[in-house]
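>>> take a look and give me a structure for this.
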Amino acid sequence: MSGLENLLEQAWQVRQERFPPVLGLDSPQGTRSISLTGDRCALHCAHCNGHYLQPMLNIAELGPEEPRLRGAHSLLISGGCDAQGRVPLRPHLERVRALRPGRRLNWHVGLIDEQDLPAIVDLADVVSFDLVGDDDTIREVYGLGHTVEDYRATYRRLRAHVPVIPHITIGLRGGQLSGETTALRILQEEGAEAIVFLVLIPTPNTRYANCQPPLVEEVARLLAQARLDFPDTPLLLGCMRPAGRFRRRLDPLAVRAGINRIVKPDPAAIELAQSLGLRLEHTSECCALARPYTYPRRLRLSAGTETVLGLRQRPMDAAPTTAYLMLEGDGCAMDCAFCAQARHSHSRSDALSRIIWPEYDSTEVLDRLAQADSLQRICFQVTVHEKALEEVMGLARALRQRSDLPISVAIRPAHIEDLAQLLGAGVDQVGLGLDAACERVYRQIKGPQWSRIMALIEGACRRFPGHIRVHLIVGLDETERELCETMQKIYDWGGAVGLFAFTPVRGTRLQDRPQPPLDVYRRMQTARYLMQHKLARSEGFRYDRQGRLLDLGRPDWATLLADGEAFRTSGCPGCNRPFYNERPGGTMYNYPRPLRGQEAAQALQDMWAGLKEEC
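Numbering: from 1, shown residues only. Below you'll find the model as predicted:
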């Protein structure tokens, strides 16, 4: 076996072990390229000489209603450089801002100055940065006096403020390899969320017009070595590479080298990928924006989900109608006092609430979900960890290729735009864990930032009505009035409420707190149900001085509640969440099925039991 063949075999083995069997195929017709400088560039670089600026749209000619931007979900903001290798940004920021609504932005900024960087922080979804690893190449190609360390410093500076995807052009110096391995070493030292590889295209009317691109075998060897050096980092083969015979030879080798995404791949690469068992994922945006989302190789399932999928046999009083999957990352950054996954919890690491979540291979889980005919929904329970959004996006896309079941995600987003990405990836409902009904309790149980999370919830409910479920827990020392008033706000904003009964979990800070009295929970279920169906409002309720709910403001309340629907699990459509807060045979806080007549009558009787006992 030749040296290259051996390297490709090793690289492919790493890809199989570390990534799902998916190859991303990008065709960026949904991204428009915009130049901030028209066709002008002060550098006249040896590989470009302004050639690649010419087809770009000129920012000076564009307005928010520009017909050429219709259908564009994203924009590449680029332009020629000044004599210091910087793309002039500041004169054009307001024009760019006017084009941003509804679109994601990928920026080419060059060697941006420290003082200019804050100006794009709120406008950049990602920055594509060309990293060069050789001083002589920098001088010859760009005519700049900068060094490799200047490029490293700029990369580090950018990463401190915005997401960055480094780009390495293989053979940039007239088709010769010079500095590519140094650039990769810098990324090993500095870190990279993904790496895009380009290949020199000898371009007419440039100093490199008559050069040859690097040998295909050299490029393949570099890609395979990169896979070995970056076993967990998504690697992309970008749009800038020679077409024709070069691409027909390179792209299949790139697949074998473990590349995760290819822009406009040659059909031979697609055929090879399918023969190797890779599923194809198509996107229509710039590859840096299409993000090579991945998902964990192993997933945790609730015990009920494990049984429904046929992975283990056990008796069940009620089968879940939703499959529950947990994405735990390397541990949760939050420290919620009630949660087994909390940062300082001493609970079992495979627990959430009172449920144990066994672990399985992701591919097996996805395949079984595709065949499950008793399920109505799939729900991801996501801890707060660095790659949470990336993993959810990858898993949602993988599921969408196998199943039409609606997807819910319980997650703590960093920004409201994260929710737009989730819904755009096929997620149907997003659950936001407010948990505490008021700031006083929130600070005790979860920490600060009550105002921030409430602002995010309000914004999400108003922007995505019908798609946001806010989780609230009864029994965390809130008053019934506080809980009712918070639920009313959520419904007024356009959201919905998923109600939970506090459940003590061994190893958490609240392990010794009792569950809420059943009558309190029944009253809160009733209040939520009446608000949801617009049959009553919190301000129409009557409370005592302790904030307990005394009257619903509806003399016909018993008739409205007679069918028992108010006392069933409240959550996303198709979610019954059996025994999440209960033990079989114990107090039934949330019924996972329709109530029988006697059960509904008992629930109505339980509603006021505690209050009557005190009278």
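
>>> what does the helix or strand containing residue 600 rub up against?
Applying DSSP states H and E as the criterion places residue 600 in helix 597-607. Helix 597-607 is contacted from outside by 518-519, 522-523, 526, 558, 561-564, 566-567, 588, 591, 595, using Cβ atoms under 8 Å, 6 or more residues apart in numbering. (Glycine included, C-beta is placed from N, CA and C.)

>>> show me what counts as buried in that helix.
Within helix 597-607, the residues that qualify as buried are 600, 602, 603, 604, 606, 607, counting by 16 or more other Cβ atoms under 10 Å.

>>> how about those in CSV, adding pLDDT and distance to residue 472?
Formatted as CSV, these follow (pLDDT from 0 to 100; distance: Cβ to Cβ, whole Å):
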residue, pLDDT, distance to residue 472
600, 95, 23
602, 96, 24
603, 95, 19
604, 95, 22
606, 95, 20
607, 94, 18
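
>>> now those residues in CSV, with distance to residue 534?
As requested, the buried residues of helix 597-607 are arranged in CSV below (distance: Cβ to Cβ, whole Å):
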residue, distance to residue 534
600, 22
602, 27
603, 22
604, 21
606, 25
607, 20
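
>>> so, low pLDDT: which residues of the chain?
1, 291-294, 401, 612-615 (pLDDT under 70).

>>> go again using 50 as the cut-off
Residue ranges of the chain with pLDDT under 50: 615.

>>> could you measure from the residue most central in space within it over to residue 103?
Central residue of the chain (Cα atoms, centre = their mean): residue 389, 2.2 Å from the mean position. Applying Cβ to Cβ, to the nearest Å, the value for residue 389 to residue 103 is 19 Å.

>>> and if you look at residue 332?
33 Å.

>>> what's the answer for residue 477, then?
45 Å.

>>> just the strands in the stretch 351-500 of the chain please.
In the stretch 351-500 of the chain, the strands defined using DSSP state E, counting those that start in this stretch lie at 351-352, 355-356, 359-361, 377-382, 407-410, 429-435, 468-474, 496-501.

>>> does residue 517 touch residue 610 like I think?
Yes - using Cβ atoms under 8 Å, residue 517 is in contact with residue 610, at 5.3 Å.

>>> gap between residue 519 and residue 603?
Distance from residue 519 to residue 603, by Cβ to Cβ: 10 Å.

>>> meant to ask about residue 359
Distance of residue 359 to residue 603, computed by Cβ to Cβ: 37 Å.

>>> using the three-state scheme, assign residue 274.
helix (DSSP: H, G, I helix; E, B strand; the rest coil).

>>> so what's the nearest residue to it once chain neighbours are set aside up against?
In this structure, residue 274 finds its nearest non-sequential neighbour in residue 280, 7.1 Å apart by Cβ to Cβ, 6 or more residues apart in numbering. Taking Cβ under 8 Å, 6+ apart as the criterion, residue 280 is in contact with 22, 23, 25, 270, 273, 274.

>>> which single one of the residues you listed is nearest to residue 351?
Checking these against residue 351 by Cβ to Cβ gives residue 22 as the nearest, at 30.2 Å.

>>> and that closest one, backbone torsions?
Main-chain torsions, residue 22, degrees, to the nearest 10: phi -130, psi 140.

>>> count of neighbours near it?
Residue 22 has 20 neighbouring residues, counting by other Cβ atoms under 10 Å.

>>> so it touches residue 276, yeah?
No - using Cβ under 8 Å, residue 22 is not in contact with residue 276; the gap is 11.5 Å.

>>> give the helix, strand or coil label for the nearest residue to residue 544 once chain neighbours are set aside.
Nearest residue to residue 544 in three dimensions, chain neighbours excluded: residue 550, at 5.5 Å (Cβ to Cβ, 6+ apart). Judged by three-state DSSP, the three-state class of residue 550 is strand.

>>> wait, residue 550 touches residue 527, no?
No - with contact defined as Cβ under 8 Å, residue 550 does not reach residue 527; the gap is 11.9 Å.

>>> those two: which is more packed in?
Each of residue 550 and residue 527 has its neighbours counted (other Cβ under 10 Å); residue 527 has more, 25 against 12.

>>> list the contacts of the more buried one.
Residues in contact with residue 527 (Cβ under 8 Å, 6+ apart) are 480, 483, 484, 487, 536, 538, 541, 549, 552.

>>> check which element follows the helix or strand hosting it along the chain.
Using DSSP H and E, residue 527 maps to helix 518-532. For helix 518-532, the following helix or strand on the C-terminal side (DSSP H and E) is strand 542-543.

>>> which secondary structure elements does that following strand sit against?
strand 549-551 (3 or more Cβ pairs under 8 Å, 6 or more residues apart in numbering; DSSP states H and E).

>>> can you list the strands that the strand it packs on pairs with?
strand 542-543 (antiparallel) (DSSP bridges).

>>> burial measure for residue 44, as a count.
14.

>>> contact partners for the closest residue to residue 428 other than its chain neighbours?
Nearest-residue entry for residue 428: residue 406, 3.9 Å, with adjacent residues in sequence omitted and distances by Cβ to Cβ, 6+ apart. Going by Cβ under 8 Å, 6+ apart, residue 406 touches 376, 377, 378, 428, 429, 572, 573, 574.

>>> repeat that with 10 Å
322, 376-379, 426-429, 572-575 (Cβ atoms under 10 Å, 6 or more residues apart in numbering).

>>> what subset of those residues is buried?
Buried subset of those (neighbour count, 16+ other Cβ under 10 Å): 322, 377, 378, 379, 427, 428, 429, 572, 574, 575.

>>> next, the residue nearest to the last one when sequence neighbours are not counted: phi, psi?
The reference is to residue 575. Leaving aside its chain neighbours, residue 575 sits nearest to residue 322 (4.5 Å; criterion: Cβ to Cβ, 6+ apart). Backbone torsions for residue 322, taken as degrees, to the nearest 10, come to phi -120, psi 140.

>>> could you do the one 4 residues further on as well?
Backbone dihedrals for residue 326, given as degrees, to the nearest 10, come out at phi -110, psi 130.

>>> need the contact list for it.
Contacts of residue 326 were listed using Cβ under 10 Å, 6+ apart, and they are 296, 299-302, 305, 341, 350-352, 355, 357, 359, 379-383, 410.

>>> let's see it at 8 Å
Neighbours of residue 326 in contact, by Cβ under 8 Å, 6+ apart: 299, 300, 301, 302, 352, 357, 380, 381, 382, 383.

>>> and residue 20, what does it touch?
Going by Cβ under 8 Å, 6+ apart, residue 20 touches 294, 295, 297, 362, 363, 394, 398.

>>> and those residues, which of them are buried?
294, 295, 362, 394, 398.

>>> just put these in a markdown table and tack on distance to residue 70.
Shown next, in a markdown table, are these (distance: Cβ to Cβ, whole Å):
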| residue | distance to residue 70 |
| --- | --- |
| 294 | 32 |
| 295 | 33 |
| 362 | 38 |
| 394 | 29 |
| 398 | 31 |
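
>>> quick check: beta-bridge partners of residue 106?
Beta-bridge pairing for residue 106 (DSSP bridges): residue 76, residue 126.

>>> do I have it right that it meets residue 73?
No - judged on Cβ under 8 Å, residue 106 makes no contact with residue 73 at a distance of 11.4 Å.

>>> between these two, which has more neighbouring residues?
Neighbours were counted for residue 106 and for residue 73 using other Cβ under 10 Å; residue 106 has more, 25 against 15.

>>> neighbours of the closest residue to residue 478 other than its chain neighbours, how many?
Spatial nearest neighbour of residue 478, chain neighbours left out: residue 437 (4.0 Å); criterion: Cβ to Cβ, 6+ apart. Using other Cβ under 10 Å, the number of residues around residue 437 comes to 24.
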